[in-house]
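> Requesting a structural model of the entry that follows:
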Amino acid sequence: MGGDESTSAEDLTGPLHGTSLETSVISALDTLERALQLEPLGNNRFRATNEADRFGRIFGGQLLAQALHAASATVEGHTPHSLHAYFLQTGDSGQPVEIAVEGVRDGRSMSTRQVSVAQGDRTLLAALASFHSNPAEPEARSEPLAVPLPEEMPLLQHWVDHGSPPMRRNAQTWIDVPPAVEIRIAEPTTFLGGRQTSGPRSHWMRMPRNVTESTGLHNAVLTYASDYLMLDMALRSHPLPAEYTSVAAVSLDHAIWLHRPVRFDQWHLYTQETAAISGHRAMVRGVIRDIDGHVVANTAQEVLIRPIAGTT
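Numbers count the residues shown, from 1 in each chain. Model prediction:
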């Protein structure tokens with residue numbers, strides 16, 4: 001989409017439907033769905049493709065989704081309730097990944113799986129996934145947050161031109177190769193020129209079209225989307241200047257707890273906050289609510305933020 005002059009500011013601040021950006025986001029979702037169509041290799045091993053390159057490496061959220069989806073394929077009668085993963089090495093989007101699932105435990109109401117995602121002899125991600133048969137009640141209700149409705153927030157891509165000229169080439173990637181989800185946020189992220197500030201931040205997210213497949217795909221794509229903007233949240237909250245041009249920042253791990261069934265082709269509100277910053281590490285946590293205010297998931301991620309040599 002980068003050179004498409006038909007894309008206007010109105011395309012990015014108004015409805016996604018009917019715009020060239022919608023076509024790109026739906027195409028990204030199609031590619032992610034193909035990456036979740038796992039090719040069985042036998043003995044609970046699978047091969048999978050990748051979504052389009054966006055960051056010069058495989059996006060961690062894709063690896064999380066594939067790990068959960070592969071583990072789910074080896075469990076009967078239970079649905080996933082948590083995934084705890086470590087990002088170990090970066091991956092090449094041009095090469096397929098292989099996913100190995102090992103059974104750790106199968107109990108009456110719970111199952112546990114160990115998962116690794118690799119390219120050749122390089123392990124990219126190691127995770128444990130847990131599954132549980134859970135009744136719908138009882139449920140502790142929480143009040144919906146006082147935030148604008150999704151249609152009242154700009155699309156993430158609206159903020160691409162907000163940053164300084166040196167940042168705009170990388171920022172343009174979010175239009176040229178958008179995420180596989182529609183994201184609406186009321187302020188620019190730090191990688192789009194937003195200022196550093198304290199306090200929580202919320203954004204709306206959903207799949208850009210209806211998906212009628214089983215809940216497994218909805219769980220996987222929610223898990224994929226849960227990795228977005230957490231590292232950025234740590235930079236937003238950092239007590240020192242922490243621009244993308246002056247620091248090296250990477251996600252170290254990711255955890256998600258799934259509390260109730262998910263329909264991720266409907267709007268979900270993702271509220272993130274930085275829980276701690278100490279030395280070169282920061283901890284970010286998040287809460288995901290559906291449009292009715294039900295808490296469907298909680299997340300946590302630790303990130304590493306180090307000054308680039310020669311910038312201090």
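
> Mind naming the longest helix for this protein?
If you go by DSSP state H, the chain has its longest helix at helix 20-35.

> how far does the helix or strand just after that helix sit from the chain's center?
Sequence-wise, the next helix or strand beyond helix 20-35 is strand 39-42, with elements assigned using DSSP states H and E. Remark: strand 39-42 is offset 26 Å from the chain centroid, using Cα atoms, centre = their mean, to the nearest Å.

> So what touches strand 39-42?
With contacts defined as Cβ atoms under 8 Å, 6 or more residues apart in numbering, strand 39-42 is touched by Phe46, Arg47, Ala48, Glu98. In this view, the C-beta of every residue, glycine as well, is placed from N, C-alpha and C.

> now do stretch 91-105
In contact with stretch 91-105 (Cβ under 8 Å, 6+ apart) are residues 38, 41, 44-53, 57-58, 63, 66-67, 70-71, 73-74, 111-119, 122, 124, 128.

> hang on, the earlier thing: tell me what the longest helix of the chain is packed against?
Contacts defined by 3 or more Cβ pairs under 8 Å, 6 or more residues apart in numbering; DSSP states H and E place helix 20-35 against helix 9-13, helix 60-72, helix 165-176, helix 215-225.

> Thr23: which of the ones you listed is closest?
With Cβ to Cβ as the criterion, Thr23 lies closest to helix 9-13 of the helices and strands packed on helix 20-35, at 10.9 Å.

> Show me the domain layout of the protein.
36-133, 144-312 (automatic domain parsing).

> tell me, which of these is the model least confident about?
Set side by side, the domains of the chain give their lowest mean pLDDT on domain 144-312, at a mean of 91.

> Just the contacts of stretch 91-105: which are in strands?
Counting by DSSP state E, those place 41, 45-48, 111-119, 122, 124, 128 in strands.

> Can you say which of those residues are buried?
The neighbour-count criterion (16 or more other Cβ atoms under 10 Å) marks 45-46, 48, 111-119, 124, 128 among the ones in strands among the contacts of stretch 91-105 as buried.

> Can you tell me the SS state at Leu240?
Using DSSP: H, G, I helix; E, B strand; the rest coil, the structure places Leu240 in coil.

> Tell me how far it lies from His280.
With distances taken as Cβ to Cβ, to the nearest Å, Leu240 is found 11 Å from His280.

> What is the most widely separated pair among the buried ones among the ones in strands among the contacts of stretch 91-105?
Checked with Cβ to Cβ, those reach their widest spread between Ser111 and Gln119, with 27.1 Å between them.

> what's around the nearest residue to Pro144 once chain neighbours are set aside, how many residues?
The shortest distance from Pro144 to any residue other than its chain neighbours is 3.6 Å, reached at Gly293 (Cβ to Cβ, 6 or more residues apart in numbering). Using other Cβ atoms under 10 Å, Gly293 has 12 other residues around it.

> same thing with Glu102?
Glu102, neighbours per other Cβ under 10 Å, totals 15.

> From Gly61, how far out is it?
23 Å.

> try Ala140
28 Å.

> now do Met153
Here Met153 is placed at a distance of 21 Å from Gly61 (Cβ to Cβ).

> Can you lay out the helices and strands packed on helix 20-35 as TSV showing mean neighbour count and distance to Gly199?
Listed next are the helices and strands packed on helix 20-35 as TSV, based on neighbours: other Cβ atoms under 10 Å; distance: least, Cβ to Cβ, whole Å:
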stretch	mean neighbour count	distance to Gly199
helix 9-13	15	24
helix 60-72	26	24
helix 165-176	16	23
helix 215-225	23	22
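
> Could you point out which of those sits nearest Glu33?
Scanning the helices and strands packed on helix 20-35 with Cβ to Cβ as the criterion, the closest one proves to be helix 215-225, at 7.2 Å.

> Output the contacting helices and strands for the closest one.
helix 20-35, helix 60-72, strand 79-87, strand 253-258.

> pLDDT (mean, whole number) over the first one?
Mean pLDDT, helix 20-35: 95.
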